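Novice: Need coordinates for the below:
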Amino acid sequence: MDDSTDAEVIAASLADAGRFSELFDRHARVIFRYLVRRVGPEADDLLGEVFRVAFERRETYQQCRPDARPWLYGIATRLVARHRRGEARRLKAMARFAAQRFGADDMAERVAASTDAVEDWARVADAATDLPEGERDTLLLYVWEDLSYQEIALALDVPIGTVRSRINRARTHLKGIAPVVEGRMSS
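Specialist: Numbering: from 1, shown residues only. Model prediction:
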């Protein structure tokens, strides 16, 4: 892979469509991970759809933005909005999975920690599904994907102040409910 920015790759793909595959090679893994967390098994289909939409809209890409990742997350988030049904169930399953990762060396401590983690993550999943769509999208891009406020603003095509407001409202909503995400949410 060369040192071209994403913007340069997209611009080159206007003359040579094959160059667009470089964008897929660079970002498919992280976009796929995001989609799996949001829609489960449908992620395979949606990943292709994200890059199809991006390919079709590559002429409209703002060349002043060297990193296309926020743009791709934005496309993915809009596609996920069409597949919302069942998201609550998937979030709860992810919560159970995440809870299993916690533990301690002592069996009694491991059981207690696991029980606490399962309860914490279940509360987080329930609380996240109760958030309005925009706040949930912003929260998941922030906590799961570790995007900056600026990257989220680009992904969702909203002002950075809107991202700050949404994160603040999500923090307020999750305060006391979600100790398992406090580290990321308090920054």
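
Novice: Pop the domain breakdown of the protein in here.
Specialist: Annotated domains of the chain cover 6-81, 87-185 [automatic domain parsing].

Novice: Pull up the distance across the shortest one, start to finish.
Specialist: In other words, domain 6-81. Between the opening and closing residues of domain 6-81 there is a gap of 25 Å (Cα to Cα, to the nearest Å).

Novice: same question, stretch 153-169
Specialist: 16 Å.

Novice: Rounded mean pLDDT for that stretch, please.
Specialist: Mean pLDDT, stretch 153-169: 93.

Novice: where among the domains of the chain is the average confidence lowest?
Specialist: domain 87-185 - the lowest mean pLDDT of the domains of the chain, at a mean of 71.

Novice: what about the spatially most central residue of the chain, distance to Gln62?
Specialist: Centroid-nearest residue in the chain, with Cα atoms, centre = their mean: Leu141, separated by 3.7 Å. Taking Cβ to Cβ, to the nearest Å as the criterion, Leu141 is separated from Gln62 by 19 Å. The C-beta positions use only the backbone N, C-alpha and C, and glycine is treated the same way.

Novice: Helix or strand next in line after the helix or strand where the residue nearest to the centre of the chain lies, which one?
Specialist: Using DSSP states H and E, the element containing Leu141 is helix 133-143. Counting by DSSP H and E, the element after helix 133-143 in chain order, helix or strand, is helix 149-156.

Novice: which of the residues in that next one are buried?
Specialist: Within helix 149-156, the residues scored as buried using 16 or more other Cβ atoms under 10 Å are Tyr149, Glu151, Ile152, Ala153, Leu154, Ala155, Leu156.
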